[in-house]
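Q: Can you look at this prediction? I've put the sequence above it.
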Amino acid sequence: MYVQYKSVPTRRVDVTKNETTDHHKLLELIALNRDKEAFEQLFIYFAPRVKAVLMKQSSDANTAEDLMQETMLTVWNKADKFSKYRGSVSAWIFTIARNKRIDGYRKQGTKHYLDIEDIELTDDAIGSEEILISNERDKMVTDISNTLPIEQKEIIEMSFVKELSQTEISKKLGIPLGTVKSRMRLAYEKIRKSVEEVL
Amino acid sequence: MNINHHPDETTILSYAAGTLDEAFAVIISCHLQICSTCREAVKTAELIGGSHLEQSEEVPLSQGSFGRLLEKISVEPQAENTHAQSSASQSNETNQAALNPEWSELPLALQSYLTANIDEIKWKRLAPGVSHHPIKLSENANSSLRLLRIAKGKQMPEHGHNGHELTLILQGAYKDKFGTFAKGDIADLDDDVEHQPKVISDEDCICLAATEAPTKFKSLLGRILQPIVGI
């Protein structure tokens, strides 16, 4: 069988206690039980953030609301896939929103984006230790991102939040493309090393 | 597949952020299918996106937002999920692919762009030993994607580049001052790079090449072909 259904008790998770740990649990409840209460809790946390990120690229709140809804619908539909994939919940939801954004704003379609979770499916549900490691990595990335030198931080935010290409960043800041690249590289190296330290 | 040349970290970062144009994203996706090193790099870069999402402020949702989503769920009952559960054999195949990800006929990301396999492609000759097959992208794409076929033994003239270019080797191999590029390798070149690739495989070398805009490919082609055809 593709899905080994287990009896997972439906319960209300206290999201305020340990938000990131429980995002994994909420997704597991959605995947195994199609639990709408769990989905609502995930929605309450992520939907206003997804919409905010989408609005950074478009002033149109209605479009952002629609794309957020599509994003969260995909979260519901693909929760089962996520439970068989080792990853961060917020990064996963970010990639879904990113793809909806490319579909919606650029009209390019996202058939050129590979779903890494399709390639890296595993047979086992994610274990609690892996959840801890994943959460530790999330935290580390946030900590390091917040302590980057301002000129590196600025470029990372322009890429990930404002969705500007390297060339667009170069023009906007009036600096050579090579400088944009070297700042990106420095920032990424720091973040990568910090993630590798969490074993 | 033994991969020796990977995309630049800044290209990986831009892919994860969603800011690479279509032709470039196709090439990275093809490479990711077979390169676990770069999949890890992309996942790390996507953590940055996740972190920004977590730290984002919260904007108000429209009234009844969750209720409308629940209605969609009941109207479209778990389309993707039902599909996954109902096709157990297919998922086994997917898992096999996960254990040993290789390109079968064509990389997954290229399959939706090409109807034919590599050996059935209709090539357009550009010069002796050099042919290509342009690939149609979305209307809004601001980049250009094509298959290039260079005959075995062919030495290209030394040429520079005009803007960012990505080349993925699908078959055969070539050598230039940066080393030997074989199946699965990516050449990630900026405009300040000059090179003189020579095909060193026993078969023709077939590459997937992305340039920033169609005009930039024409300009590149001119520089490559001018010494060959004397135009």
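A: All right, it came through fine. Residues are numbered from 1 along each chain as shown, chains lettered A, B, ... in the order given.

Q: could you pull out the helices for chain A?
A: For chain A, the helices defined by DSSP state H occupy A:19-33, A:36-57, A:61-82, A:89-101, A:116-119, A:128-146, A:150-160, A:166-173, A:177-197.

Q: The first one to helix A:61-82, inter-axis angle?
A: Orientation note: helix A:19-33 sits at an angle of 70 degrees relative to helix A:61-82 (axes from the mean of the first three to the mean of the last three C-alpha atoms, to 10 degrees).

Q: I'd like the distance from helix A:19-33 to the chain centre, please.
A: What separates the centre of helix A:19-33 from the centre of its chain is 15 Å, taken as C-alpha atoms, centre = their mean, to the nearest Å.

Q: cool, the last one as well?
A: Using C-alpha atoms, centre = their mean, we find the averaged C-alpha position of helix A:177-197 to lie 19 Å away from the chain's own average C-alpha position.

Q: what does it rub up against?
A: A:137, A:140-141, A:143-145, A:148, A:151-153, A:155-156, A:159, A:166-167, A:169-170, A:173, B:8-10, B:12-13, B:41, B:44-45, B:47-48, B:190 (C-beta atoms under 8 Å, 6 or more residues apart in numbering or on different chains). For every residue, glycine as well, the C-beta is placed using N, CA and C.

Q: filter those residues to the buried ones?
A: Neighbour-count burial (16 or more other C-beta atoms under 10 Å in any protein chain shown) applied to the contacts of helix A:177-197 gives A:137, A:140-141, A:144-145, A:148, A:152, A:155-156, A:159, A:166, A:169-170, A:173, B:8-10, B:12-13, B:41, B:44-45, B:47-48.

Q: buried ones in the longest helix anywhere in chain B?
A: Identified as the longest helix of chain B according to DSSP H is helix B:36-55. The neighbour-count check on helix B:36-55 (16+ other C-beta under 10 Å) flags B:38-54 as buried.

Q: From these, pick out the ones that also neighbour chain A.
A: Within the set of the buried residues of helix B:36-55, contact with chain A (C-beta under 8 Å from any C-beta of the partner chain) is found for B:39, B:41-54.

Q: quick revisit: what angle sits between the longest helix of chain B and helix A:128-146?
A: Using the same axes, to 10 degrees, helix B:36-55 lies at 70 degrees relative to helix A:128-146.

Q: gap between helix B:36-55 and the chain center?
A: 19 Å.

Q: Whether the helix or strand following that helix contacts chain A - can you check?
A: Downstream of helix B:36-55, the next assigned helix or strand under DSSP states H and E is helix B:65-75. Yes: using C-beta under 8 Å from any C-beta, helix B:65-75 reaches chain A at B:Ser65, B:Phe66, B:Arg68, B:Leu69, B:Leu70, B:Lys72, B:Ile73.

Q: Any of those buried? List them.
A: B:Ser65, B:Phe66, B:Leu69, B:Ile73.

Q: which residues does the nearest residue to A:Ser145 once chain neighbours are set aside contact?
A: Setting aside the residues directly before and after it, A:Ser145 is nearest to B:Ser51 in space (C-beta to C-beta, 6 or more residues apart in numbering or on different chains), at 5.5 Å. Going by C-beta under 8 Å, 6+ apart, B:Ser51 touches A:Ser90, A:Ala91, A:Asp138, A:Val141, A:Thr142, A:Ser145.

Q: before we move on, what about A:Glu136?
A: Here A:Glu136 is in contact with A:Val198 (C-beta under 8 Å, 6+ apart).

Q: Please enumerate the helices of chain B.
A: Assigned by DSSP H, the helices in chain B fall at B:9-17, B:22-34, B:36-55, B:65-75, B:79-86, B:88-99, B:108-111, B:214-229.

Q: So for the third one, mean pLDDT?
A: Model confidence over helix B:36-55, given as mean pLDDT, is 93.

Q: And the fourth one, by the same measure?
A: Helix B:65-75 shows a mean pLDDT of 90.

Q: Same question for the first one.
A: For helix B:9-17, the mean per-residue pLDDT is 96.

Q: That helix to helix A:150-160, inter-axis angle?
A: Orientation of helix B:9-17 against helix A:150-160 (the same axes, to 10 degrees) gives an angle of 50 degrees.

Q: how much does helix B:9-17 deviate in direction from helix A:89-101?
A: 80 degrees.

Q: what does helix B:9-17 contact?
A: A:95, A:98, A:159-160, A:163, A:165-166, A:180-181, A:184-185, A:188-189, B:7, B:20, B:24-25, B:28, B:38, B:41-42, B:45-46, B:48-49, B:166, B:188.
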